[in-house]
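# just coords:
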């Protein structure tokens, strides 16, 4: 059963405790609200301000699990706080660990300050959970996929269009890296895991994956420099810095370029032309589409 009074009180307390600078927003000279405004929280959770306000006022319909998960993420709740919120709303808390998609508050706070940098948060299986606007401008919206296709490694072997954003000379290495990473994830998680399911699907669908899987390679790590082929600005050579959340096994990937290089200039240009992010057509050819980011 939903505890409306408890839910409302907890939401108000957590909203008032979260400051604008915690989520990368300017405080502004006229702000009088303690913590975040309701409409700011609602915007972060992709819901109407009116709906969120009703929850804090002990009114409205019973929120779904998806809605509660979005609120927990938007309020930067810890796992214990997230689980408490789910129980207040009358739901069973989601699983923790490798299959959890709840981004930790610490990682979320860092991510929210990277609005002017290409960055993303991914799972150990290469499933993108969050992207900055420049991250979307660089590689397209990777959060839109569903099912096994959420994993870049899975798309690599099943969707030829996924390779168009990467330098052709790097394709063989990237295929080996994805197969190696999936083998390590399968060893960690064991039978019945999502890694095991992806492995079975790829063995059935991809001859290339079967060849690489039979090679039994492990420990192949990303190169220091990643090369992307963007439809509007050409090839970029970017350094990728990685921060690991060991509890959730999520990775924050931040892409930068060496100052003074051509790639650095192109990265600055990307912030200008970022409203056009890369995508591909049905033939696997790179095209462009408006993403709403500028």
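Ah, there it is. Quick caveat: nothing in here was measured; it's all calculated off a predicted structure.

# and residue 239, that one's in a strand?
Yes: counting by DSSP: H, G, I helix; E, B strand; the rest coil, residue 239 falls inside a strand.

# pretty sure it is touching residue 253, no?
No: proximity of residue 239 to residue 253 does not meet the contact threshold set by CB atoms under 8 Å, at 10.7 Å. Bear in mind the C-beta positions are built from the backbone N, C-alpha and C, glycine included.

# Pick out whichever of those two has more residues nearby.
When residue 239 and residue 253 are compared for neighbours, residue 253 comes out ahead with 18 against 14, by other CB atoms under 10 Å.

# Enumerate the beta-bridge partners assigned to the more buried one.
Bridge pairing for residue 253 (DSSP bridges) gives the partners residue 120, residue 242.

# Surely it is in contact with residue 238?
No: at 10.1 Å, residue 253 does not count as touching residue 238 under the criterion of CB under 8 Å.

# for the closest residue to residue 100 other than its chain neighbours, helix, strand, or coil?
Excluding its sequence neighbours, the residue lying closest to residue 100 (CB to CB, 6 or more residues apart in numbering) is residue 248, at 5.5 Å. Secondary structure assignment for residue 248 (three-state DSSP): coil.

# what's the neighbour count on residue 248?
22.

# can I assume it is in contact with residue 102?
Yes: proximity of residue 248 to residue 102 meets the contact threshold set by CB under 8 Å, at 7.0 Å.

# Which elements pack onto the longest helix along the chain?
Within the chain, and with DSSP state H defining each element, the longest helix by residue count is helix 171-189. Helix 171-189 makes packing contacts with helix 152-158, helix 194-205, helix 207-214 when contacts are defined by 3 or more CB pairs under 8 Å, 6 or more residues apart in numbering; DSSP states H and E.

# mind listing what residue 33 touches?
With contact taken as CB atoms under 8 Å, 6 or more residues apart in numbering, residue 33 is in contact with no other residue.

# Tell me both backbone torsions, phi and psi, for it.
Backbone torsions of residue 33, given as degrees, to the nearest 10, read phi -70, psi 140.

# re the thing from before, what residues does the longest helix of the chain touch?
98, 124-126, 152-153, 156-157, 163, 166, 193, 195-196, 198-199, 202, 208-209, 212-213, 215-223.

# So how do I select the buried members of the residues you listed in PyMOL?
Here is the PyMOL selection string for the buried members of these, based on 16 or more other CB atoms under 10 Å:
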select buried, resi 98+124+125+126+152+153+156+157+163+166+193+195+198+199+202+209+212+213+220
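
# Kindly reformat the helices and strands packed on helix 171-189 as a markdown table containing mean pLDDT and distance to residue 229.
Below are the helices and strands packed on helix 171-189 laid out as a markdown table (pLDDT from 0 to 100; distance: least, CB to CB, whole Å):
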| stretch | mean pLDDT | distance to residue 229 |
| --- | --- | --- |
| helix 152-158 | 98 | 15 |
| helix 194-205 | 97 | 24 |
| helix 207-214 | 98 | 20 |
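
# Turn those into JSON lines, including distance to residue 114.
Compiled in JSON lines, the helices and strands packed on helix 171-189 are given as follows (distance: least, CB to CB, whole Å):
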{"stretch": "helix 152-158", "distance to residue 114": "20"}
{"stretch": "helix 194-205", "distance to residue 114": "27"}
{"stretch": "helix 207-214", "distance to residue 114": "33"}
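
# of all the ones you listed, which lies closest to residue 78?
Proximity to residue 78, assessed across those by CB to CB, is greatest for helix 194-205 (23.6 Å).

# For that closest one, name the packing helices and strands.
Packed against helix 194-205, as judged by 3+ CB pairs under 8 Å, 6+ apart, are the following elements: helix 152-158, helix 171-189, helix 207-214.

# Would you tell me which one of those is buried the most?
Per-stretch averages of neighbours, counted by mean count of other CB atoms under 10 Å, single out helix 152-158 among the helices and strands packed on helix 194-205, with a mean of 22.

# what sits up against that helix?
The list of residues contacting helix 152-158 from outside it, by CB under 8 Å, 6+ apart, reads 122, 125-128, 142, 145, 148-149, 162-163, 174-175, 178-179, 181-182, 198, 201-202, 205-206, 208-209.

# ranges for the helices of the stretch 51-200 of the chain?
65-74, 79-88, 105-112, 133-139, 152-158, 171-189, 194-205 (DSSP state H, counting those that start in this stretch).
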